[in-house]
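In: Structure for this input, please:
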Amino acid sequence: MNCPDCKEKLDRYVDRELNSTEVLEVQLHLEGCPDCMDNYEFQSHLKRLIKHSCDCDTAPPAFREKLRQILS
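Out: Now for the predicted structure:
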């Protein structure tokens with residue numbers, strides 16, 4: 001695998017959407033490529049930050065109820 005191939009698959013790797021063969025290919029490339037590893041670590045960290053930020057807020061109960069009524 002080369003860097004452009006790794007870059008193309010990195011989002012799906014971070015999201016755990018690759019098959020086992022592709023996972024192994026990306027992992028092997030990351031082990032030998034500091035630039036791609038840096039990119040992976042950045043994307044992985046960003047995903048965790050976004051997930052944490054989104055987990056903290058919930059819509060107010062009145063809003064959720066009104067939305068349920070609209071969607072029903």
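
In: where along this structure do the helices fall?
Out: 3-14, 20-32, 34-56, 61-71 (DSSP state H).

In: elements contacting the lowest-mean-pLDDT helix or strand in the chain?
Out: The helix or strand of the chain with the poorest confidence is helix 34-56; it has a mean of 89 (mean pLDDT, DSSP states H and E). On a contact count with 3 or more Cβ pairs under 8 Å, 6 or more residues apart in numbering; DSSP states H and E, helix 34-56 meets helix 3-14, helix 20-32. Bear in mind the C-beta positions are built from the backbone N, C-alpha and C, glycine included.

In: Any chance of CSV for these, columns distance to residue 52, mean pLDDT and mean neighbour count?
Out: Listed next are the helices and strands packed on helix 34-56 as CSV, based on distance: least, Cβ to Cβ, whole Å; pLDDT from 0 to 100; neighbours: other Cβ atoms under 10 Å:
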stretch, distance to residue 52, mean pLDDT, mean neighbour count
helix 3-14, 15, 96, 15
helix 20-32, 23, 97, 14
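
In: looking at it, residue 11 is touching residue 46, isn't it?
Out: No: in this structure, residue 11 is not within contact of residue 46 by Cβ atoms under 8 Å, at 10.8 Å.

In: tell me, what residue is most central in the chain?
Out: residue 15 (4.0 Å; Cα atoms, centre = their mean).

In: Quick check: closest non-adjacent residue to that residue.
Out: In space, residue 15 comes closest to residue 47 once its chain neighbours are excluded; the distance is 7.7 Å by Cβ to Cβ, 6 or more residues apart in numbering.

In: what about the one you found, distance to residue 8?
Out: 17 Å (Cβ to Cβ, to the nearest Å).

In: same question, residue 68
Out: Distance from residue 68 to residue 8, by Cβ to Cβ: 40 Å.
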